[in-house]
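K.L.:
okay, sequence plus prediction incoming.
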Amino acid sequence: MNALPHTFSRTALAAALTSAALFAGSALAQGSPAAPAKPAAPAAAAKPAAAPSSPAKKALVARLLAVQMPGIEGTARQVAEQPAAQMLQQAGNALQRLPADKREALWRDIQGDARKYAEEAGTLAKERANKLSPSTIGAALEERFTEEELKQLVTLLESPAYKKLAGMGAELNRGLLEKLVPELRPTLEPKLKALEQSIVKRLEAAAAASNATAPAPGASRP
């Protein structure tokens, strides 16, 4: 039996996993026996009152957000760019089925499209993160922390030592990844390949069984 095209296998896999998740959720909701009744629990303690707000607290939260904004924007940009990275990976796999003399030019065009998307999506994500962070992260900080606690956080995050550590974040992570990826690749690649082959094999078998039981075109019903 011929293997399914790589892009088809990924699409089919996504659909199969989605269907399985929906089926599992339905089975849990409908088929599981009802849990035995439990005695009433004592009343939960009242939620601590939110720390009172003040102009001083708002100013401190604004300073905290300013310090954390590069990380917030980076997270937002990563979320926006992740789909393009996945598409590039799938496109790279699909290109292997084309003649070698056509791959390089096509790959450059695809990368150009992906870069254009990443620039536009990254800028949009950063703008939205800046807009939303005061009403989400900022509101939570203002509610959960006292003015004194916010002052301590500002002192820490604005200190030269912390800024030095934060500035080294990418370098430290890069150093780890340079060692981690080569260490993991020989172990993970065979496992991922075996997983992919197993999934494709199961999907092909299911598709073959479905085709075998489907009525022939134009067949009359009894």
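P.N.:
Received the coordinates, thanks.

K.L.:
burial of residue 141, as a residue count?
P.N.:
Residues near residue 141, counting by other CB atoms under 10 Å, number 20. The C-beta positions use only the backbone N, C-alpha and C, and glycine is treated the same way.

K.L.:
now do the contacts for it.
P.N.:
By CB atoms under 8 Å, 6 or more residues apart in numbering, the residues touching residue 141 are 61, 64, 150.

K.L.:
okay, and which of the residues you listed map to helices?
P.N.:
With DSSP state H as the criterion, helices contain 61, 64, 150 from among those.

K.L.:
roughly how far apart are residue 103 and residue 117?
P.N.:
Using CB to CB, to the nearest Å, we find residue 103 at a distance of 21 Å from residue 117.

K.L.:
now do the contacts for the closest residue to residue 147 other than its chain neighbours.
P.N.:
Leaving aside its chain neighbours, residue 147 sits nearest to residue 57 (5.1 Å; criterion: CB to CB, 6 or more residues apart in numbering). Going by CB under 8 Å, 6+ apart, residue 57 touches 51, 142, 145, 147, 150.

K.L.:
and the third one, its phi and psi?
P.N.:
If I follow you right, that is residue 145. When quoted as degrees, to the nearest 10, the phi and psi of residue 145 stand at phi -110, psi 140.

K.L.:
residue 112: how many residues sit nearby?
P.N.:
Counted with other CB under 10 Å, residue 112 comes out at 10.

K.L.:
try residue 80
P.N.:
Using other CB under 10 Å, residue 80 has 20 neighbouring residues.

K.L.:
check residue 60 too.
P.N.:
Count around residue 60 with other CB under 10 Å applied: 22.

K.L.:
right, and it touches residue 152 too?
P.N.:
No - the criterion here is CB atoms under 8 Å, and residue 60 misses it with residue 152 at 9.9 Å.

K.L.:
contact partners for residue 77?
P.N.:
121, 122, 125, 126.

K.L.:
closest one of these to residue 206?
P.N.:
The closest of these to residue 206 turns out to be residue 121 (CB to CB; 35.7 Å).

K.L.:
tell me the helix or strand right after the host helix or strand of residue 161.
P.N.:
Using DSSP states H and E, residue 161 falls within helix 160-167. Remark: after helix 160-167, the chain's next helix or strand is helix 169-213, criterion DSSP H and E.

K.L.:
angle of that following helix against helix 160-167?
P.N.:
Interaxial angle, helix 169-213 versus helix 160-167 (axes from the mean of the first three to the mean of the last three CA atoms, to 10 degrees): 30 degrees.

K.L.:
what residues sit buried inside stretch 61-79?
P.N.:
Neighbour counts over stretch 61-79 (16 or more other CB atoms under 10 Å) mark 61, 63, 64, 65, 67, 68, 72, 73, 74, 76, 77 as buried.

K.L.:
what score does residue 187 have for pLDDT?
P.N.:
On pLDDT, residue 187 comes in at 89.

K.L.:
and for it, the neighbour number?
P.N.:
Neighbour number of residue 187 under other CB under 10 Å is 9.
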